[in-house]
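Q: Sequence plus predicted model, see below.
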Amino acid sequence: MHRVLENEFYYLDNFQNVLDWIGGRYRDLLTEEEQAFIAAFPTLPQAARALFVRMVMRKGELFRASKMIYAEIGCPVEAARQLLPSGWIALDPVLNLDELFELLAKPELVAAFGDKLHQKSARKAEQLEALREAFAESRAFSEWYAGCTDVAFRILVKPLCERLRLIFFGNLRQDWTEFVLADLGLFRYEQVEFSPASRGFRDRRDIDHYLHLHTCRERFAEGLEPIEDVLQDLPLQPFENEWLDSRREKFLFQVGQHVEKLQDWPRAIDIYTQCGYPGARGRAIRVLEKAERYLEAWQLLQEAESTPENDAERQHLARLKPRLARKLGHPKAIAPRPPAPARLDLCLPVPGDGPWVEGAVRDHLGSEAAPVFYVENMLANALFGLLCWRAIFAAIPGAFFHPFHRAPADLYSLDFHQRRAAEFADCLAQCDDGRYRATILAHFEEKAGISAPFVAWEYLDRPLLELALDCIPAAHVKRWCERILADLKANRTGFPDLIQFFPDEGRYRMIEVKGPGDRLQDNQLRWIEYCAQHDMPVAVCYLQWEQAA
């Protein structure tokens, strides 16, 4: 923490670093206004710049001097006056009634409106509505509250600063606190080389597309207008920027799900059939069936069967096909069933700390000679992430474009593996020649604590990792990694809950636990089937609780 406090203007330095980064990498994409801002900012007095950044880092556009007291800045009013020539802020801004209510506390509202404010004990929202008709016109803050000694100011270029934040991070999810958390050591990030081509946005249209899509998402989330109005503004044509288009596809899929819940079958079908997001085609078939358009559903199903997008879609189609065939009068076909996994049936007393089924089975089956661990998806993902660290964090153009990436920007893109095929092939080949163990353990030590998409450091320790490498054959580690890599989003979940090691025998088994009334989920079924296909030991344990006498 001292690293931050030693420099009182750490936040100002961070902001300037962002401006320098953007100016150096994105100058050809910037508007004249953005270029002028980047050029003018460092010329202002330090206190003025610091106050400005403090406002940028806070929510909203309106601030009171009394709430902006910082020792390193000094008088906020004086700092604000130094900002006035820039045109980036306004002192004593004109406010409407809603904005005034955001700035003032209830006692101040009583002082400002006096007898005009009826029911002084009412909630602020009720007071606002009571005054709205009589005070419809905007006025300066000092005119609203004549007896107030405080000063208000408004930042006028917040949208510009939000655009700069977007250009730097490539999203509006991350904000300026990333710098602080990194300086404090709370978050650490892999150091990746940035080439000139490592930019999230390739031309100005990418930035405009992102902002437009973001606005559509906000409107959709608020739910204050008809869905058709949002759909009318939603871009339906693919963006040239692949990772940006994946965001568009995901949002389109979410809108389709919403419309489907409303049972608006024609609109849902129209959206799903225009959407390339994984799962959209399967949903389109399902909705066509609900709309009793069975022939169209059958034709789309056959098309999907010839080129299934992933195991999840293949599983979905296998369930839909018999039902659709029956409705169309096609001959009944018996789909082959995968072999059932080994089964364990247990009846145990409820533990004193509550009915945690995985914990109860873990404690019952485990022993000193054959310990059992609750790992769920953590262990398989960690082995993949540590073995393939170099491939995951390869400096591919467009994958990393700022120093605060927890994962490549294109992690879930369809061509993620393809763009790093050579790197992943080398990583997985280590399972064939024995290098994998040293690589995994070395990365565990060297990269400990660095934010990564597959390694949950807080749940992983070296003894567990070494035990896993002692008992899990290299061929199985490779198979796990291959399946995760085949569909990084879908296949990183669904792994069995428990793993039991038999160190003296150099073997292991995986155990999926199901409590009373619980059943296997689709992603769990897919993992179990995969393990069975490749002779990896897996069992399903069905637990019942003993009835109290």
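A: Perfect, thanks for sending it.

Q: Which phi and psi values does Gly494 adopt?
A: Dihedral pair for Gly494: phi 100, psi 0, per degrees, to the nearest 10.

Q: Give me the nearest residue to it, chain neighbours excluded.
A: Of all residues not flanking Gly494 in the chain, Asn523 sits nearest, at 3.1 Å (Cβ to Cβ, 6 or more residues apart in numbering). All C-beta atoms are positioned from the backbone trio N, CA, C, and that covers glycine.

Q: cool, Leu324 as well?
A: Once flanking residues are discounted, Leu324 sits nearest to Trp298: 5.3 Å by Cβ to Cβ, 6+ apart.

Q: circling back: summarise which helices and strands the host helix or strand of the residue nearest to Gly494 is packed against.
A: Here Asn523, judged by DSSP states H and E, is contained in helix 522-533. Helix 522-533 sits against helix 311-327, helix 474-486, strand 507-514, strand 538-545, with contacts defined as 3 or more Cβ pairs under 8 Å, 6 or more residues apart in numbering; DSSP states H and E.

Q: Can you mark which positions in that helix are buried?
A: 523-532 (16 or more other Cβ atoms under 10 Å).

Q: Let me have those in CSV, adding distance to Glu190 and pLDDT as columns.
A: Shown next, in CSV, are those (distance: Cβ to Cβ, whole Å; pLDDT from 0 to 100):
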residue, distance to Glu190, pLDDT
Asn523, 28, 92
Gln524, 31, 94
Leu525, 34, 93
Arg526, 30, 93
Trp527, 28, 94
Ile528, 33, 93
Glu529, 34, 92
Tyr530, 29, 94
Cys531, 31, 93
Ala532, 36, 90
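
Q: Could I get these in CSV, plus columns for distance to Ala48?
A: Shown next, in CSV, are the buried residues of helix 522-533 (distance: Cβ to Cβ, whole Å):
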residue, distance to Ala48
Asn523, 54
Gln524, 58
Leu525, 62
Arg526, 59
Trp527, 58
Ile528, 63
Glu529, 64
Tyr530, 61
Cys531, 63
Ala532, 67
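
Q: of all the helices and strands packed on helix 522-533, which lies closest to Ile73?
A: For the helices and strands packed on helix 522-533, proximity to Ile73 was assessed by Cβ to Cβ; helix 474-486 is nearest, at 49.5 Å.

Q: ok, how many other residues are close to Asp92?
A: 13 (other Cβ atoms under 10 Å).

Q: which residues touch Met510?
A: Taking Cβ atoms under 8 Å, 6 or more residues apart in numbering as the criterion, Met510 is in contact with 495-496, 498-500, 531, 536-539.

Q: Phi, psi for the residue nearest to it when sequence neighbours are not counted please.
A: Nearest non-adjacent residue to Met510, counting by Cβ to Cβ, 6+ apart: Pro496, 3.9 Å away. The phi/psi pair for Pro496 (degrees, to the nearest 10) reads phi -50, psi 150.

Q: a strand runs through Leu300, doesn't it?
A: No: counting by DSSP: H, G, I helix; E, B strand; the rest coil, Leu300 is not part of a strand but helix.

Q: Enumerate every residue touching it.
A: Contacts of Leu300 by Cβ under 8 Å, 6+ apart are 281, 284-285, 288.

Q: in stretch 396-405, what's buried?
A: Those would be 396, 398-403, 405, for stretch 396-405 by 16+ other Cβ under 10 Å.

Q: In TSV, list those along with pLDDT, distance to Gln254 and secondary structure.
A: Shown next, in TSV, are the buried residues of stretch 396-405 (pLDDT from 0 to 100; distance: Cβ to Cβ, whole Å; DSSP: H, G, I helix; E, B strand; the rest coil):
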residue	pLDDT	distance to Gln254	secondary structure
Ile396	86	28	coil
Gly398	77	24	coil
Ala399	87	25	coil
Phe400	89	27	coil
Phe401	86	25	coil
His402	87	26	coil
Pro403	88	30	coil
His405	90	24	coil
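
Q: Distance to Ala340 added to those residues, as TSV?
A: As requested, the buried residues of stretch 396-405 are arranged in TSV below (distance: Cβ to Cβ, whole Å):
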residue	distance to Ala340
Ile396	42
Gly398	45
Ala399	42
Phe400	45
Phe401	48
His402	49
Pro403	50
His405	43
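
Q: Okay, strands next: where are they in the chain?
A: Taking DSSP state E as the criterion, the chain carries its strands at 62-64, 89-91, 94-95, 139-140, 152-155, 342-348, 372-374, 498-502, 507-514, 538-545.

Q: Now that we have these, can you turn them into a markdown table and tack on mean pLDDT and distance to Thr43?
A: Converted to a markdown table, the strands of the chain look like this (pLDDT from 0 to 100; distance: least, Cβ to Cβ, whole Å):
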| stretch | mean pLDDT | distance to Thr43 |
| --- | --- | --- |
| strand 62-64 | 96 | 23 |
| strand 89-91 | 96 | 16 |
| strand 94-95 | 96 | 28 |
| strand 139-140 | 94 | 29 |
| strand 152-155 | 96 | 18 |
| strand 342-348 | 94 | 72 |
| strand 372-374 | 98 | 58 |
| strand 498-502 | 98 | 61 |
| strand 507-514 | 97 | 63 |
| strand 538-545 | 95 | 66 |
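
Q: Out of the ones you listed, which gets nearest to His214?
A: Among the strands of the chain, strand 152-155 sits nearest to His214 (Cβ to Cβ), with 19.9 Å.

Q: List of residues touching the closest one?
A: Residues outside strand 152-155 that contact it (Cβ under 8 Å, 6+ apart): 52, 55-56, 61-65, 80, 88-93, 95, 103, 141, 161.

Q: Give the buried residues for that strand.
A: In strand 152-155, counting by 16+ other Cβ under 10 Å, buried: 152-155.

Q: Go through those residues and name the one nearest Pro453.
A: Scanning those for proximity to Pro453, where the rule is Cβ to Cβ, the winner is Ile155, at 35.2 Å.
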